[in-house]
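**Q** requesting a structural model of the entry that follows:
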Amino acid sequence: MANQDLISLSTVSSTFQHPAEAVLYATIDLNHWSYHLLPVLSWCRTVGSVPRKAHCVRALRFPATFFNVSPRRTTDEIEQLIKAAFDSMINLKHLSFSEINHNFPGTVGLSTLADCRFRLSSLTGDTPRLHGARMESFLSAQPEIEYWSPSQNFLNSYSSTTPFPETILPRLRKAVIQDTTKLFLIGGRPIEYLLVTSTGYVENSDRLMGLKSFAETLHNFYYIHESVKDWSVAEFIACVAENAPRLVSLTVHERFHSRQITRIPRKDQDKLLDAIARLPRLETLVLSSYMDILSDSAPGSANEIMPSGTGSTSGGQESELGMLQGRRVAGTFMAACRSLVKLSFPVISERSWVTFLRCNMDDEGAIFDGFYMPDTVGWWKGHATRVRFT
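**A** Residues are numbered from 1 along each chain as shown. Just a heads-up that it's a prediction; the model follows:
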């Protein structure tokens, strides 16, 4: 049922008013009003003055900054309206702040959230007024948070290598971190799911040492990186295995810039097999790198770069040959890692992702499962869906 239909029900029928409001107010996205303060304040006034509606809010995406401030309202008046709304949302579980623009004033600070009765299970982003010690104070008051995705600005504000105090994020299980050097902040937490993005620098073993503090609990690692020429995928996975040996799912996903994708030459595939053999519990491996399965690679760097969507063969019999050799590569991987059940990588000839499954646990052979990339980050997308920022 569309929102407009629910609004009509809530206004014309007392019988359906409360059920309709429960749906309408359960998930709220105010981010698109960043440039218009008045609609946000109007919504805040409504939930701040009508507890019935405020109690329906479970997930909220709120602007981190306002791009214009109404000259008709003082800063104190704006602060009071926003605080009243947050005070009233006692059932709020998922809070997300949109991207920060430091040229404009922040919307929410520690004073806004002080004494709020809600208990969050997920927090994404922050505001210019909620950094450093203020954010730490807020996190200390929210011990039930299980999912945390801080902004890059927040992470950049930390230069020390001291983890958060134990009172901060003690139940954290899922994290999205935009810098591997900041993993120390959440060291010692029972992290099970971790998504890390690399923004332009070449990773090395020192940057991944932060994984060691999750070695006993981490079982799903999703890594997004730039094209790297000086450090091979095999070396990266070997380092991951050293620091997080209990992984069940590993995805190494490359940002596709200028339609280029890293290609793993045959000469490096033995190193890659040795690396995944160090992950005795690994069941799913997703690599967004072309395996050189159709032709020998010329000598070059550890990871060679080639245009995506191109290859030495395409279509017909040659395409079938590519699939056959892709299946052989998958079987070789599954022989090297006895726990591996699913392997996915791009095939040049098909210009597509292919996924292979182990025939059975007693067999090292692989069977073709389909042209798709497995969803190994559903835990993150599921959260994103709840707060409507996909």
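**Q** where do the helices sit along this structure?
**A** Under the criterion DSSP state H, the chain contains helices at 3-12, 14-24, 37-49, 51-54, 75-88, 110-113, 132-140, 152-156, 233-243, 266-276, 316-336, 378-386.
**Q** looking at the ones you listed, which is nearest to Arg173?
**A** Each of the helices of the chain was scored for nearness to Arg173 using CB to CB, and the closest is helix 378-386 (9.0 Å). For every residue, glycine as well, the C-beta is placed using N, CA and C.
**Q** now for Tyr158: which residues touch it?
**A** If you count contacts by CB atoms under 8 Å, 6 or more residues apart in numbering, Tyr158 has them with 182, 185.
**Q** do Ser159 as well
**A** Here Ser159 is in contact with no residues (criterion: CB under 8 Å, 6+ apart).
**Q** again, but for Tyr193
**A** 173-175, 218-220, 379-380.
**Q** returning to what we had before: could you dump the helices of the chain to JSON lines with distance to Glu192 and mean neighbour count?
**A** Compiled in JSON lines, the helices of the chain are given as follows (distance: least, CB to CB, whole Å; neighbours: other CB atoms under 10 Å):
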{"stretch": "helix 3-12", "distance to Glu192": "35", "mean neighbour count": "13"}
{"stretch": "helix 14-24", "distance to Glu192": "31", "mean neighbour count": "14"}
{"stretch": "helix 37-49", "distance to Glu192": "34", "mean neighbour count": "17"}
{"stretch": "helix 51-54", "distance to Glu192": "32", "mean neighbour count": "17"}
{"stretch": "helix 75-88", "distance to Glu192": "29", "mean neighbour count": "17"}
{"stretch": "helix 110-113", "distance to Glu192": "27", "mean neighbour count": "17"}
{"stretch": "helix 132-140", "distance to Glu192": "19", "mean neighbour count": "16"}
{"stretch": "helix 152-156", "distance to Glu192": "21", "mean neighbour count": "15"}
{"stretch": "helix 233-243", "distance to Glu192": "15", "mean neighbour count": "21"}
{"stretch": "helix 266-276", "distance to Glu192": "20", "mean neighbour count": "18"}
{"stretch": "helix 316-336", "distance to Glu192": "24", "mean neighbour count": "17"}
{"stretch": "helix 378-386", "distance to Glu192": "9", "mean neighbour count": "16"}
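**Q** export those to a markdown table and append columns for mean pLDDT.
**A** Converted to a markdown table, those look like this (pLDDT from 0 to 100):
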| stretch | mean pLDDT |
| --- | --- |
| helix 3-12 | 51 |
| helix 14-24 | 69 |
| helix 37-49 | 91 |
| helix 51-54 | 94 |
| helix 75-88 | 92 |
| helix 110-113 | 92 |
| helix 132-140 | 92 |
| helix 152-156 | 85 |
| helix 233-243 | 90 |
| helix 266-276 | 86 |
| helix 316-336 | 73 |
| helix 378-386 | 61 |
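**Q** and of those, who's closest to Val252?
**A** Of those, nearest to Val252 by CB to CB is helix 233-243, at 6.2 Å.
**Q** so the closest one versus helix 266-276, what angle?
**A** Inter-element angle recorded for helix 233-243 and helix 266-276: 10 degrees (by axes from the mean of the first three to the mean of the last three CA atoms, to 10 degrees).
**Q** hang on, the earlier thing: which of the contacts of Tyr193 lies closest to Arg338?
**A** Relative to Arg338, the closest of the contacts of Tyr193 is His219; by CB to CB it sits at 17.1 Å.
**Q** pLDDT wise, what is the closest one at?
**A** Looking at His219, its pLDDT stands at 95.
**Q** could you find the closest non-adjacent residue to it?
**A** Nearest residue to His219, sequence neighbours excluded (CB to CB, 6 or more residues apart in numbering): Val248, at 4.2 Å.
**Q** got the contact list for that neighbour?
**A** Val248 neighbours (CB under 8 Å, 6+ apart): 219-220, 281-284.
**Q** again, but for Leu272
**A** Leu272 touches 233-234, 237, 264, counting by CB under 8 Å, 6+ apart.
**Q** still on that earlier bit, pipe the helices of the chain into a markdown table and attach distance to Arg189 per row.
**A** Putting these into a markdown table (distance: least, CB to CB, whole Å) gives the following:
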| stretch | distance to Arg189 |
| --- | --- |
| helix 3-12 | 38 |
| helix 14-24 | 33 |
| helix 37-49 | 32 |
| helix 51-54 | 31 |
| helix 75-88 | 26 |
| helix 110-113 | 22 |
| helix 132-140 | 12 |
| helix 152-156 | 16 |
| helix 233-243 | 15 |
| helix 266-276 | 26 |
| helix 316-336 | 31 |
| helix 378-386 | 15 |
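**Q** out of those helices, which gets nearest to Thr124?
**A** Among these, helix 378-386 sits nearest to Thr124 (CB to CB), with 8.1 Å.
**Q** returning to that earlier point: widest-spaced pair of the contacts of Leu272?
**A** That would be Ile237 and Ile264, which, of these, are the farthest apart (CB to CB) at 10.7 Å.
**Q** so how far is Arg52 from Leu120?
**A** 21 Å (CB to CB, to the nearest Å).
**Q** again with Met209
**A** Counting by CB to CB, the gap between Met209 and Arg52 amounts to 51 Å.
**Q** next: Leu169.
**A** If you go by CB to CB, the gap between Leu169 and Arg52 works out to 32 Å.
**Q** what's the answer for Leu172, then?
**A** 33 Å.
**Q** thinking again about what came up before, per-residue pLDDT, the residue nearest to His219?
**A** pLDDT for Val248: 97.
**Q** residues contacting the nearest residue to Ser344 once chain neighbours are set aside?
**A** Nearest in space to Ser344, with sequence neighbours left out and distances taken as CB to CB, 6+ apart, is Thr355 at 4.1 Å. By CB under 8 Å, 6+ apart, the residues touching Thr355 are 342-344, 368-374.
**Q** what do you get for Glu364?
**A** 331, 334-335, 358 are the contacts of Glu364 under CB under 8 Å, 6+ apart.
**Q** so how far is Thr332 from it?
**A** With CB to CB as the criterion, Glu364 and Thr332 are 8 Å apart.
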